[in-house]
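Participant: let me see the structure of the following:
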Amino acid sequence: MPTCVLEDNITCCFGLYKNNTHCSVGNTVASLSRVKNDALRIGLLVFGVVAFIACLCKLYSIRRNGGSTIQRRAYMLMAVASFTFVARAPDPRSHERIYHPIVSGLFVDICSAAIYGVIILYAAFYARLVAPPARTAESEHYIRGFSILAFFMTGFIFLIVRPAYLARRDRNIFDSWHV
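Facilitator: Sure thing, here's the model as predicted:
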């Protein structure tokens, strides 16, 4: 049976465990507790589908009733986040070795970026509420600048830096997931 070890020839690849000093590809961490892993998979799938349908219903309601742009953006981001739960359901933590850990990590990072996007929208909305009425036009410029910078930094970190770090070396996958 094929084996998979890191460059130190001691540590098994991510998602595998050592059995009799061998890192066999069939020794997945998910196989150690099949019931718990299947419960996690089903839970992620159900939660993701329910949340995705709820977001789509809310988006339809917002469009039909003329909701605000910030509502539409927030629910679009939440729909993306809930869809990543559905996409991750077959192999939530790459312990099944269906997805490569980089792919599974990218799903997690997309979900995180979408949730941070909702937080950024909330912060911008709140900043508009507390801005003095006399300085509304002036403060709008700064609020938009903050929002653009925050979205850029969130996307850059979660969609470029972290996947590049994970792709650099197999050992980085362990360091990233176990910290």
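
Participant: most remote residue from the middle of this protein, which is it?
Facilitator: Ala134 (39.9 Å; C-alpha atoms, centre = their mean).

Participant: in the strand or helix carrying Phe83, what counts as buried?
Facilitator: Secondary structure assigned from DSSP states H and E places Phe83 in helix 69-88. Residues 71, 74-88 are the ones in helix 69-88 that count as buried (16 or more other C-beta atoms under 10 Å). (Each C-beta comes from the backbone N, C-alpha and C, glycine too.)

Participant: same deal with stretch 110-122?
Facilitator: Ile110, Cys111, Ser112, Ala113, Ala114, Tyr116, Gly117, Val118, Ile120, Leu121.

Participant: residues in contact with that stretch?
Facilitator: The contact list for stretch 110-122 (C-beta atoms under 8 Å, 6 or more residues apart in numbering) reads 70, 73-74, 77-78, 80-81, 84-85, 88, 147, 150-151, 154-155, 158-159.

Participant: for Gly67, give me phi and psi.
Facilitator: phi -70, psi 170 (degrees, to the nearest 10).

Participant: quick one: pLDDT of the nearest residue to it once chain neighbours are set aside?
Facilitator: Distances taken as C-beta to C-beta, 6 or more residues apart in numbering put Ser61 closest to Gly67, at 7.3 Å, once the chain neighbours are dropped. Listed pLDDT for Ser61 reads 96.

Participant: tell me, how many residues neighbour Ser68?
Facilitator: Close neighbours of Ser68, defined as other C-beta atoms under 10 Å, add up to 10.

Participant: if you could redo that for Ile102, that was the one I meant.
Facilitator: Ile102: 19 neighbours (other C-beta under 10 Å).

Participant: now do Pro132
Facilitator: Around Pro132 there are 8 residues (other C-beta under 10 Å).

Participant: distance-wise, check it relative to Glu138.
Facilitator: In this view, Pro132 and Glu138 are 9 Å apart by C-beta to C-beta, to the nearest Å.

Participant: list phi and psi for Thr21.
Facilitator: Per degrees, to the nearest 10, the backbone of Thr21 is at phi 60, psi 20.
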